[in-house]
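1. Give me a model of this one.
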Amino acid sequence: MIKAGIIGATGYTGAELVRMLSAHPGVELTVITSRQYEGKKISDVYPALSGRSDLVCEAFDPKTFCERVDIAFTALPHKIPMGIVPELLERGVRVVDLSADFRFRNVGDYEAWYQPHTAPELSENAVYGLCELYHDEIRNAQVVGNPGCYPTTILLALVPLLKAGIIRAEGIISDSKSGVSGAGRGLSLGSHFCEANESFKPYKVDGHRHRPEIEEVLSAAHGEGVEITFTPHLLPATRGMLSTIYCTLADGKTEEDARQILESTYAGRPFVRLREKGMMPDILHVQHTNFCDIGLSSDSRNGRLVVVSAIDNLLKGASGQAIQNMNIMAGLDETAGLL
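-> Below is the predicted model of the structure:
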């Protein structure tokens, strides 16, 4: 039985981790932390967890925390994990980090979009936790940087196509949409009900910090630099994420070639579903699951391929993928504890 702990258990992703780990057949959730709700039961913070977990939120103390866990999930804002993870590793605890702190191999890219990195040597050795594409590396990782939600939709759709030379690297555009939970549990004007309900709008059009994360992985897959146009939008929905990606087929390549590559890449992978020809993903069909649904369509007039990818932003885009990473790291069934 794996002993797991969550640092930062009361945000949306932390609460999803509590819910799923409490029912995981191979895991004992032994400790959860929260600075804001120290001393309160998690079921008092999230009444939906009543009967599932009555663990009490504790202040984070590295020594006592590490004595009770084999693996830690850091569900914290960017910058905080980089100050915590080195000591966790020194005390023999493996880590799945849900922030951006350990997603970048190129620390300079991270620092350009976030802040100075205080543990660059760990960042360079961390494994990017996109489970379907880096399974073997994840198995032996000490630190896994859980991917961002938008990058998960885009990379699962594009990496196999770029690697196989099905699409050109130039001119890729992703028009992406997220439910409001993607903004986290903290209060902000844009996520208030009256602001988000019956509204649909783009944001951070001049540069979202998921873009360099996406471009780093695409560039590694392609073997040289890849730049994309990425525009995120806020949906008037609680959860769910969908990316509509426009790219150009390479000379002589067809939609059927793209479909065959995706089918072969994800054959036997339990959480990627390729929709049949003529069908497209719908966030309604992936909500509350760890699935990523992918659909394809092409326009023979201009050689364009449209790839559509949908996930639940809190699960495959965050906590579900984090548990999938843990399962791989621990040698468990990859689907354990997941829908």
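2. Using the record's assignment, carve the chain into domains.
-> For the chain, automatic domain parsing gives the domain ranges 2-125, 150-313.
3. among the ones you listed, which is nearest residue 132?
-> The minimum distance between residue 132 and these falls on domain 150-313, with 4.9 Å, by CB to CB. Where you see a C-beta, it was placed from the backbone N, CA and C, and this is true even at glycine.
4. any idea how far that closest one is from the chain center?
-> Offset of domain 150-313 from its chain centre (CA atoms, centre = their mean, to the nearest Å): 12 Å.
5. Check the separation of the first and last residues in that domain.
-> 8 Å (CA to CA, to the nearest Å).
6. before we move on, back to that, can you put the domains of the chain in JSON lines and add mean neighbour count and mean pLDDT?
-> Output for the domains of the chain, formatted as JSON lines (neighbours: other CB atoms under 10 Å; pLDDT from 0 to 100):
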{"stretch": "domain 2-125", "mean neighbour count": "19", "mean pLDDT": "96"}
{"stretch": "domain 150-313", "mean neighbour count": "18", "mean pLDDT": "92"}
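7. Out of those domains, which gets nearest to residue 322?
-> Among the domains of the chain, domain 2-125 comes nearest to residue 322, with 4.8 Å by CB to CB.
8. what comes into contact with stretch 156-164?
-> 130, 132-133, 167, 169, 172, 217-218, 221-222, 226, 243, 245, 247, 258, 261-262, 265-266, 272, 292, 294, 305, 307-309 (CB atoms under 8 Å, 6 or more residues apart in numbering).
9. From residue 252, how far off is residue 179?
-> From residue 179 across to residue 252, the span is 39 Å (CB to CB, to the nearest Å).
10. ditto for residue 109
-> Distance from residue 109 to residue 252, counting by CB to CB: 34 Å.
11. same question, residue 82
-> Distance of residue 82 to residue 252, computed by CB to CB: 46 Å.
12. by contact count, what packs against the helix or strand where residue 322 lies?
-> Residue 322 is part of helix 320-330 when elements are defined by DSSP states H and E. In terms of contacts (3 or more CB pairs under 8 Å, 6 or more residues apart in numbering; DSSP states H and E), helix 320-330 is packed against strand 2-7, helix 12-21, strand 71-74, strand 94-97, helix 135-139.
13. Let's see it as PDB, backbone CA atoms only.
-> Extracted in PDB, the C-alpha atoms of helix 320-330 (Å, rounded to 0.1, in the frame of the first residue of the first chain):
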ATOM      1  CA  GLY A 320      -6.400  12.800 -12.600                       C
ATOM      2  CA  GLN A 321      -3.200  12.900 -14.600                       C
ATOM      3  CA  ALA A 322      -1.200  13.400 -11.300                       C
ATOM      4  CA  ILE A 323      -2.700  10.100 -10.000                       C
ATOM      5  CA  GLN A 324      -2.000   8.500 -13.300                       C
ATOM      6  CA  ASN A 325       1.600   9.600 -12.900                       C
ATOM      7  CA  MET A 326       1.700   8.200  -9.400                       C
ATOM      8  CA  ASN A 327       0.400   4.900 -10.600                       C
ATOM      9  CA  ILE A 328       3.200   4.700 -13.200                       C
ATOM     10  CA  MET A 329       5.800   5.700 -10.700                       C
ATOM     11  CA  ALA A 330       4.600   3.100  -8.100                       C
END
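14. Could you give me the buried positions within it?
-> When burial is assessed from 16 or more other CB atoms under 10 Å, helix 320-330 yields the following buried residues: 320-330.
15. How far off centre is that helix?
-> Centroid separation for helix 320-330 versus its chain: 11 Å, with CA atoms, centre = their mean.
16. For it, the averaged confidence score.
-> Helix 320-330 carries an average pLDDT of 98.
17. same thing with stretch 126-144?
-> In this model, stretch 126-144 carries a mean pLDDT of 97.
18. what ranges do the strands span in the stretch 151-300 of the chain?
-> 172-178, 201-202, 228-234, 241-248, 272-274, 292-299 (DSSP state E, counting those that start in this stretch).
19. Make CSV from those strands and add distance to residue 145 to it.
-> Shown next, in CSV, are those (distance: least, CB to CB, whole Å):
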stretch, distance to residue 145
strand 172-178, 20
strand 201-202, 27
strand 228-234, 19
strand 241-248, 19
strand 272-274, 20
strand 292-299, 18
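20. In contact with residue 274, which residues?
-> By CB under 8 Å, 6+ apart, residue 274 lies in contact with 259, 262-263, 266, 294-296.
21. Of these, which is the nearest to residue 284?
-> Nearest to residue 284, judged by CB to CB, of the contacts of residue 274 is residue 295 at 14.0 Å.
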